[in-house]
Every structure is written in C-alpha cells, then in structure tokens.
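1. below: sequence and its predicted model.
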Amino acid sequence: MDTTEGHGTTDRFGPARAEDLRSLAALDAMGMLDEVDASAFDRAFRDSTPSVQAELRDLQASIAVDPAFLAASEEP
C-alpha cells in the first residue's frame, strides 16, 4: 500500500513517517544519530516492510559513496 503518490514507498507508514525514516536513515549513514535515536531507527527499520527497508538501504548506500559525505583522508 503506497500512499505517497509517486514520492517514494511508504507502505504501512504515512508519508510523514516515511520521510522521518528517510531522514533518520541519512543521519544513520553519516554516523550522526545518538544512541537513543539509533535504537529508535533500528526498531522502525526492522518493523518496516521489505520494500521500505530496500529504499532505506539504497539511500544509505548512496550517501556512503557520496564524496560530499566522505571524510577527508589525512596524509601520513
């Protein structure tokens, strides 16, 4: 049940909840969630449908390889 009308998969979550999950997934990929938020995201991720999980994994993978989010390497 996709309720976003072309704005991404939400399945059983409403559009606002799905957007929250996408935001948390991005912050998680950058290592910016505190322990409480990371736990909440992990629970929400596990409770979401496989299609939502796939969407969030794709988002995190794209962030992981985006040069804008990669740490500058230090010269020895």
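-> Sure, I can see it. Numbering: from 1, shown residues only.
2. look up phi and psi at M30.
-> phi -90, psi 0 (degrees, to the nearest 10).
3. try the one 3 residues further on
-> Reported as degrees, to the nearest 10, the phi and psi values for L33 are phi -90, psi 140.
4. what's the helix or strand for D58?
-> helix 50-64 (DSSP states H and E).
5. apologies, that question was intended for D37.
-> Assigned by DSSP H and E, D37 falls in helix 35-47.
6. for that helix, packing partners?
-> helix 15-29 (3 or more CB pairs under 8 Å, 6 or more residues apart in numbering; DSSP states H and E). Every C-beta, even on glycine, is put in place using the N, C-alpha and C of the backbone.
7. any buried residues in the helix it packs on, and which?
-> By neighbour count on 16 or more other CB atoms under 10 Å, the buried set for helix 15-29 is 17-18, 21-22, 24-29.
8. nearest to E35, of the residues you listed?
-> Set against E35, the nearest of these by CB to CB is D28 (11.9 Å).
9. surely the closest one and R57 touch.
-> No - contact criterion CB atoms under 8 Å: D28 and R57 do not qualify, at 11.0 Å.
10. so A18 touches V52, yeah?
-> Yes - counting by CB under 8 Å, V52 is a contact partner of A18 at 7.0 Å.
11. for stretch 38-45, buried residues please.
-> Buried residues in stretch 38-45, defined by neighbour count with 16+ other CB under 10 Å: 41, 44-45.
12. still on that earlier bit, quick one: mean pLDDT over the helix holding D37.
-> Summarised as a single mean, pLDDT over helix 35-47 is 91.
13. against V65, how distant is T49?
-> In this view, T49 and V65 are 25 Å apart by CB to CB, to the nearest Å.
14. those two - which one has more neighbours?
-> T49 (14 against 8; other CB atoms under 10 Å).
15. over to the more buried one: give its phi and psi.
-> phi -70, psi 160.
16. point out where this structure drops to low pLDDT.
-> Flagging of the chain using pLDDT under 70 yields the residue ranges 1-16, 70-76.
17. again, only using 90
-> 1-20, 40, 49, 64-76 (pLDDT under 90).
18. leaving out the residues flanking it, which one is nearest to L21?
-> A44 (5.8 Å; CB to CB, 6 or more residues apart in numbering).
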